[in-house]
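Q: here's a sequence, model it:
(one chain, ligands or ions: 2)
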Amino acid sequence: MENSDLFLCIDHVAYVCPDAEEAVKYYTEVLGWHELHREVNDEQGVFEIMVAPAAELTEHMTQVQLISPTREDATTAKWLEKNRPGLHHMAWRVADIDSVSATLRERGLTLLYEQPRIGTGGSKINFLHPKSGKGVLIEVVQPGSGH
Ligand code: V0V
Ligand code: CO
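A: Ligands and ions are numbered 1, 2, ... in the order given. Sure thing, here's the model as predicted:
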């Protein structure tokens with residue numbers, strides 16, 4: 001793929017904490033942000049709430065994903081044992097995750113999953129390992145219809 005076709009925008013930045021329900025109160029009641037979506041993702045072991053600075057998403061608006069682990073063996077639970085609540089990953093939106101994944105692999109980068117998994121709103125997600133992301137966990141996300 002050409003570089004200009006790879007990434008559309010920063011889809012979301014994820015904040016991980018023990019209680020996403022408590023964090024969303026801060027975003028909505030103190031900052032005046034809007035809750036747009038919430039769901040439990042059993043495979044990832046997360047409860048997540050998407051918030052945005054506007055009630056309606058515009059085309060390339062970035063959301064904040066408030067996450068808390070739903071079980072002790074979730075990757076985010078392990079992360080919270082080692083870190084304070086804070087920024088956990090950033091997600092780059094793509095139009096075609098299979099083509100982008102192939103290109104990233106050609107360029108020597110390590111993706112965590114061989115095949116994309118299901119993320120927020122039926123999206124398809126994969127992750128660049130922090131060692132391939134200059135110390136940052138990077139999600140690649142192709143939005144689903146519910147996004
Ligand atoms: C770990 N490391 C991180 C990190 N987590 N670096 C930056 N940001 C993070 N969030 C570093 C850690 O400091 C170590 O560095 C190294 O990676 C190995 O860490 P570890 O504690 O031994 O952890 P692992 O290897 O067991 O797990 C790390 C990975 C894991 C990245 C493999 O977190 C994972 O599988 N993540 C992908 C799934 C995920 O995060 N799901 C939750 C979000 P040193 O010490 O070796 O230098 S779900 C989501 O976003 C959804 C559903 C959505 O958006 O739709
Ligand atoms: Co995410």
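
Q: check whether the longest helix seen in the chain contacts ligand 1.
A: Looking across the chain with DSSP state H, the single longest helix is helix 97-106. No. If you take CB under 6 Å from any ligand atom as the test, helix 97-106 misses ligand 1, and the best it gets is 11.9 Å. C-beta here means a position set from N, CA and C on the backbone, and glycine is covered the same way.

Q: direction included, what does the helix or strand following that helix pair up with?
A: For helix 97-106, the following helix or strand on the C-terminal side (DSSP states H and E) is strand 117-118. Partner strands and pairing direction for strand 117-118 (DSSP bridges) are strand 124-128 (antiparallel).

Q: and the angle for the partner strand with helix 97-106?
A: For strand 124-128 against helix 97-106, the angle by axes from the mean of the first three to the mean of the last three CA atoms, to 10 degrees is 10 degrees.

Q: residues making contact with the longest helix of the chain?
A: With contact meaning CB atoms under 8 Å, 6 or more residues apart in numbering, helix 97-106 is reached by 1, 6-7, 94, 111, 116, 124-126, 128, 140-142.

Q: can you redo the residues you listed as a markdown table with pLDDT?
A: Formatted as a markdown table, these follow (pLDDT from 0 to 100):
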| residue | pLDDT |
| --- | --- |
| Met1 | 93 |
| Leu6 | 96 |
| Phe7 | 97 |
| Val94 | 98 |
| Leu111 | 98 |
| Pro116 | 98 |
| Lys124 | 98 |
| Ile125 | 98 |
| Asn126 | 98 |
| Leu128 | 98 |
| Val140 | 98 |
| Val141 | 98 |
| Gln142 | 98 |
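
Q: give me the subset of those touching ligand 1.
A: Filtering the contacts of helix 97-106 for proximity to ligand 1 by CB under 6 Å from any ligand atom leaves Ile125.

Q: what subset of the contacts of helix 97-106 is buried?
A: 6, 94, 111, 116, 124-126, 128, 140-142 (16 or more other CB atoms under 10 Å).

Q: dump those residues to JSON lines, plus distance to Thr76.
A: Output for the buried ones among the contacts of helix 97-106, formatted as JSON lines (distance: CB to CB, whole Å):
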{"residue": "Leu6", "distance to Thr76": "27"}
{"residue": "Val94", "distance to Thr76": "23"}
{"residue": "Leu111", "distance to Thr76": "19"}
{"residue": "Pro116", "distance to Thr76": "19"}
{"residue": "Lys124", "distance to Thr76": "20"}
{"residue": "Ile125", "distance to Thr76": "14"}
{"residue": "Asn126", "distance to Thr76": "17"}
{"residue": "Leu128", "distance to Thr76": "17"}
{"residue": "Val140", "distance to Thr76": "18"}
{"residue": "Val141", "distance to Thr76": "17"}
{"residue": "Gln142", "distance to Thr76": "22"}
